[in-house]
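A.B. asks: would you be able to build a 3D model of this:
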Amino acid sequence: MSTPPPLPGSPLSDPAAAAPPTAARKGWWARHWKWAVPLLALLLGAMLLASMAVFVLGIARVTKASEPYRVGLMAAQRDQRVIAALGAPVKDGIMPSGSLSTSNGTGSANFSVSLHGARGNGTLYIEAERHAGQWHYTTLQVLPDAGEAIPLLKDVAPDQEDGGETDAESDFDADAASHRQAEVDPSAPVAADSTQ
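C.D. replies: So this is what the prediction gives:
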């Protein structure tokens, strides 16, 4: 059995009306905007967050490289009272808070640094003024979360406060001086070198 022919005037009788339109194809954006818009928003948001993180971590790096920060942290890490209160090893937090300003040999620093140890946490407070290129500390103390404040000002040696050499540098200088003395005085007995 076969199908009857279409009635005149019906859409099936016109072959042009029955064919799907081939020339009116939609563009890429019209077909994919529903997932492309959220993806673009997500990418822009991720780029904004990444640039903010780089900026904040850059500021933290500059702050941690400053002399008052390094001297204060070293004093806290070496102090036996701080080690007893917080536990060893004493580590600093990721982002210190405070301010640092220097200009032509003068300046000021005011930091609040979170400290973490095996037994507890605390905060290191550093306040310093810079005059003629030398840092002078007015406040240097650790306040454990549980306990009394631990002053560290007396633990900052004058050579550290003035930007002098560390213990490792002074040991190196003493070793170099002994080698220079041996070179100058050939009649002096030479000690055996145990490093070889």
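A.B. asks: for this structure, which helix is longest?
C.D. replies: Taking DSSP state H as the criterion, the chain has its longest helix at helix 28-64.
A.B. asks: state the mean pLDDT of it.
C.D. replies: Across helix 28-64, the average pLDDT comes to 93.
A.B. asks: who are the packing partners of it?
C.D. replies: In terms of contacts (3 or more Cβ pairs under 8 Å, 6 or more residues apart in numbering; DSSP states H and E), helix 28-64 is packed against strand 97-103. Placement of C-beta: from N, CA and C, glycine included.
A.B. asks: and the strand it packs on, which residues are buried?
C.D. replies: residue 100 (16 or more other Cβ atoms under 10 Å).
A.B. asks: next up, the contacts around residue 85.
C.D. replies: 117, 119, 120, 122, 142, 144, 146, 147, 150 (Cβ atoms under 8 Å, 6 or more residues apart in numbering).
A.B. asks: cool, and residue 113?
C.D. replies: Here residue 113 is in contact with 69, 72, 73, 92, 93, 96, 123, 124, 125, 126 (Cβ under 8 Å, 6+ apart).
A.B. asks: can you tell me the closest non-neighbouring residue to it?
C.D. replies: Using Cβ to Cβ, 6 or more residues apart in numbering and skipping the chain neighbours, the partner closest in space to residue 113 is residue 124 (4.2 Å).
A.B. asks: does that neighbour fall in a helix, a strand, or a coil region?
C.D. replies: strand (DSSP: H, G, I helix; E, B strand; the rest coil).
A.B. asks: okay, now it: neighbour count?
C.D. replies: 26 (other Cβ atoms under 10 Å).
A.B. asks: try the one 4 residues further on
C.D. replies: In terms of burial, residue 128 registers 25 neighbours under the definition other Cβ under 10 Å.
A.B. asks: can you check the one 5 residues further on too?
C.D. replies: For residue 133, the number of neighbouring residues by other Cβ under 10 Å comes to 12.
A.B. asks: go ahead and confirm it touches residue 105.
C.D. replies: Yes. Contact criterion Cβ atoms under 8 Å: residue 133 and residue 105 qualify, at 4.2 Å.
A.B. asks: how far out from the middle of the chain is the longest helix of the chain?
C.D. replies: Computed by Cα atoms, centre = their mean, to the nearest Å, the chain-centroid distance of helix 28-64 equals 20 Å.
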